[in-house]
Each structure stands twice: as C-alpha cells, then as structure tokens.
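Enquirer: After the sequence you'll find the predicted model.
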Amino acid sequence: MTFLDGLALGLFALCWLGYGPLLDVLAHRTGTLNDDMMIIRRVWMTAMSHREAPRLVDSQLMGHTINSGGFFASTNLLLIAAVAGILFGGQQALDGFAAVGAEGVPRRLLEVKLGLILLCLVRGLLDFIWSIRQMNYALALIGASPEAHTEADRVALGAAAADLLNPALSAFSQGVRAYYFALAAAAWLFGPWWLAGGVILAFGLLLWRQAGSPAARAIRAARRLLDPDLNH
C-alpha cells in the first residue's frame, strides 16, 4: 500500500466515523432531515394512539416500510455474495476480476480494497436486519395498543411507540448510508485519488441531502407546522 493509499483510506475512515457526530451538530444548529423526521414520526405515533382500533392505516404504513427494509437487505445480501465470491474465490477469481478493471494492482492490496467494500456492505446488512426487527416490534406495539381513555395515556403510548420506531428508521438510514460509502470504497479499485474523490463526493452528497435538499426543506417546513415549540 502506497502513502497515497494510506492517506485516502484515512480520509475514508474519518468521513465514515465522523458523519454521525457531524450530523448531530448540524441537527442542533440548523436541523437535519433525520432529526426532523424523528419529530414527525413522534407526531404520527401520537396520532396513532388517538385513533380507534383497529389501526389499519398505521399498520399498512408500517408494512410498506418493512417491505422497503427487506428489499434493501436482500439486495445487500446479493452484493455481499458477489464481492465475497471474488475475495474468497481463490487466485483465479481475483485474476479474473483484476483483468477487467484492476490490472497491475498487487494481490494483497486488491484484497484490502475488496475487503473494504465488503465491510461497508456487511455493516449495511446488519443495520437493515436490526431495522426490520425493530419495525416488527413497533408493528406489534401498534397492534397491541389498547384504547386509552385519558389524554395522558394516549400521549404516553404515542411516545413509547415513537421511541421504538425512531431507532428502527435510524438504523434503516445507516444501512442506506453504507451504500454510499461502499460505492466510494469501490472507487479505490481505480486508485487512491479515486477513493479520496469518491468519499468526499459521498460525504458531501449525504450532508446536502440532510440539510440543503428540497426534501430537507420541505420536511423542515412540515415540522414547523407539527411542532409549535420549534418556532419559539
């Protein structure tokens, strides 16, 4: 591994590990899409607790969300199988892969590059699995929600459901984020400058979508309507 490879890999690690803390800082200063969605989901679960059973609309919405998580997890598993097949398929598999885009790369370095892609994908798969499990727990809670007779009970029930649903969707977002970093890691196959450029592009695109995209601005406006405390 060359010095430039090491620098690019360090930049990758810095962006990957620093994205979450930076997002927390932005959430407190200007707001982010993920942070605003946590409030909106809390409002959703509070509205759910005020609806009469059976809460079919909420269950159907949760079902669609779980299906989305299952789709991403299945796709992730296929990608993991493809990369692992090359990485652990022996010299012939590595030589065949190198012949179509990684000529001249030493075998050990090629294994490290493929290993980084595999690491990103595995991390994403674990996030999707945990997200699906938590969403199933939230779906069970919606189905088991009793008819609360007091406003305090309804608010408490909605808060409990939101405290279960928000981590589930946060894990889903982390799984999607892993795709961005896996693509950046794949750029390393073309050289260290490609890795550096790929991770900067992925990092910047993720931050823009969280804080400056039209979707982020729309969700921010919706949160202001749903959360009056934000205006004070």
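Expert: Perfect, I can see it now. Residues are numbered from 1 along each chain as shown.

Enquirer: use CA for all of it now, contacts and neighbours both
Expert: Noted.

Enquirer: immediately after the lowest-mean-pLDDT helix or strand in the chain, which helix or strand?
Expert: Scoring the helices and strands of the chain by mean pLDDT, DSSP states H and E places helix 91-98 at the bottom, with a mean of 68. Later in the chain than helix 91-98, the nearest helix or strand by DSSP states H and E is helix 107-144.

Enquirer: can you pull the buried residues of that following helix?
Expert: 110-111, 113-132, 134-139, 141-142 (16 or more other CA atoms under 10 Å).

Enquirer: hey, where'd the helices end up in this protein?
Expert: Secondary structure of the chain (DSSP state H): helices at 3-29, 33-50, 56-87, 91-98, 107-144, 151-187, 192-211, 214-226.

Enquirer: ranking these by mean pLDDT, which is last?
Expert: Here the lowest mean pLDDT among the helices of the chain goes to helix 91-98, at a mean of 68.

Enquirer: what separates His28 from Pro106, distance-wise?
Expert: To Pro106, His28 is 45 Å away according to CA to CA, to the nearest Å.

Enquirer: same thing with Ala215?
Expert: Per CA to CA, Ala215 is found 43 Å from Pro106.

Enquirer: buried sites along stretch 30-40?
Expert: Of all the residues in stretch 30-40, those buried under the rule 16+ other CA under 10 Å are Gly31, Thr32, Leu33, Asn34, Asp35, Asp36, Met37, Met38, Ile39, Ile40.

Enquirer: With adjacent residues omitted, what lies nearest to the last one?
Expert: Spatial nearest neighbour of Ile40, chain neighbours left out: Arg223 (6.4 Å); criterion: CA to CA, 6 or more residues apart in numbering.
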